[in-house]
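>>> build me a model from this:
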Amino acid sequence: MSTSFKLKLTGNKVILSMFMAAVLTLGLSSCTKNNESQTDSTVTVDDAADAVTQAVSPESAGMVAQTTTAARMVTTSTLSCGLEKDSSISGQNAPGAAITYSYALNWNSNLSCNGNMPQQFQFNFSGKSSYDAPRMSSNDSSNAQFTATGLEPSATQYIFNQTYSRNGSQVSKVRNKRSFTSTINITSSNITVNKSTGEIISGAATVTVSGAGSGGDSFNYTGTLTFLGNKQATLVLGNGNTYSIQWQ
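Residues are numbered from 1 along each chain as shown. Take a look at the predicted model:
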């Protein structure tokens, strides 16, 4: 009788174990599906880095392009001390470009002088822009405040201090092809620009990018942007993720 009872109990344990295993497997499967769904809708640091890269690159009319335009404006325009000037500029990509873009910006500028000697050129701009690049497309509004010093004839370089913001919606074409909205803020100090070429030689900026994915998940990444000269920059974003930015 004792042996029969033990065998029966062992059989019940086997059935119970099989049932629990099935429930556990089903639960893990459900959790895995939920986690996959969350992962698919989460905007990763790589997605954010693609958006920042295009906000910087002149090939998509980013911050570098506007800095170059501003430097050339200071160099070639006839400016009067203390006189504010309003203007508008627009542009688009050259035919056949790998990245297409367009922008329309309203500018306001002012030249400060010490006597008749120019000391500081200030200008603000805001407007709309869009781009379609191999890795991402976007529709944005942008605004910025730039200040340039080094205006004396003996100086070979301008020094820029800038705040530059872009708000828009992006669609990634790589990885999980996420759609999201973002706000990108770039605050730079001591950006050195060659007067004759308008190219950025060196300088650094802090970067923040925040927003939400199409599924409603929010994201927020911070980092630094370092200009290296020779049409190159390095972006460090999130937990030390490093990206190279290059342009033609």
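>>> tell me the contacts of the residue nearest the centre of the chain?
Nearest to the geometric centre of the chain sits Val52, at 1.6 Å (Cα atoms, centre = their mean). By Cβ atoms under 8 Å, 6 or more residues apart in numbering, Val52 lies in contact with Ile184, Ile186, Val207, Val209, Gly223, Leu225, Leu235, Leu237. (Each C-beta comes from the backbone N, C-alpha and C, glycine too.)
>>> tell me, how many residues neighbour Gln122?
As a burial measure, Gln122 scores 15 neighbours (other Cβ atoms under 10 Å).
>>> can you check the pLDDT for it?
In this model, Gln122 is scored at 92, pLDDT.
>>> go on, Met117?
87.
>>> now do the SS call for the closest residue to it other than its chain neighbours.
Beyond its immediate neighbours in the sequence, the residue positioned closest to Met117 (Cβ to Cβ, 6 or more residues apart in numbering) is Glu152, lying 6.8 Å away. Following DSSP: H, G, I helix; E, B strand; the rest coil, the label given to Glu152 is coil.
>>> list the buried residues for whichever strand or helix holds the residue nearest to the centre of the chain?
Per DSSP states H and E: Val52 is located in helix 45-56. Across helix 45-56, burial judged by 16 or more other Cβ atoms under 10 Å covers Val45, Asp46, Asp47, Ala48, Ala49, Asp50, Ala51, Val52, Thr53, Gln54, Ala55, Val56.
>>> picking that back up, kindly provide the distance from the residue nearest to the centre of the chain to Val236.
From Val52 across to Val236, the span is 11 Å (Cβ to Cβ, to the nearest Å).
>>> same check, this time on Gly62
On the measure of Cβ to Cβ, Gly62 and Val236 end up 18 Å apart.
>>> so for the two, which residue has more residues nearby?
Comparing Gly62 with Val236 by other Cβ under 10 Å, the one with more neighbours is Gly62, at 27 against 16.
>>> dihedrals phi and psi, the more buried one?
With angles defined as degrees, to the nearest 10, Gly62 sits at phi -80, psi -160.
>>> quick check, pLDDT for it.
According to the prediction, Gly62 has pLDDT 95.
>>> domain ranges for this protein, per the record?
Using automatic domain parsing, the domain parsing of the chain gives 1-41, 43-246.
>>> what's the overlap in contacts for Val52 and Val236?
Joint contacts of Val52 and Val236 (Cβ under 8 Å, 6+ apart) are Gly223, Leu225.
>>> any idea how many residues pack against Ser87?
13.
>>> can you confirm it is in a strand?
Yes. The assignment for Ser87 is a strand, going by three-state DSSP.
>>> which residue sits closest to it, ignoring its sequence neighbours?
Computed as Cβ to Cβ, 6+ apart, the closest residue to Ser87 that is not its neighbour in sequence is Trp107, at 4.8 Å.
>>> Ala205 contacts Leu225, doesn't it?
Yes. Ala205 lies in contact with Leu225 (Cβ atoms under 8 Å); the separation is 4.3 Å.
>>> returning to that earlier point: looking at the domains of the chain, which has the lowest confidence?
Comparing mean pLDDT across the domains of the chain, the weakest is domain 1-41, with a mean of 41.
>>> for this structure, which segments are assigned as strands?
84-92, 100-114, 117-132, 136-149, 157-172, 179-194, 200-213, 218-229, 232-237, 241-246 (DSSP state E).
>>> want to throw the ones you listed into CSV with distance to Ala71?
Shown next, in CSV, are these (distance: least, Cβ to Cβ, whole Å):
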stretch, distance to Ala71
strand 84-92, 14
strand 100-114, 13
strand 117-132, 10
strand 136-149, 7
strand 157-172, 6
strand 179-194, 5
strand 200-213, 9
strand 218-229, 13
strand 232-237, 16
strand 241-246, 19
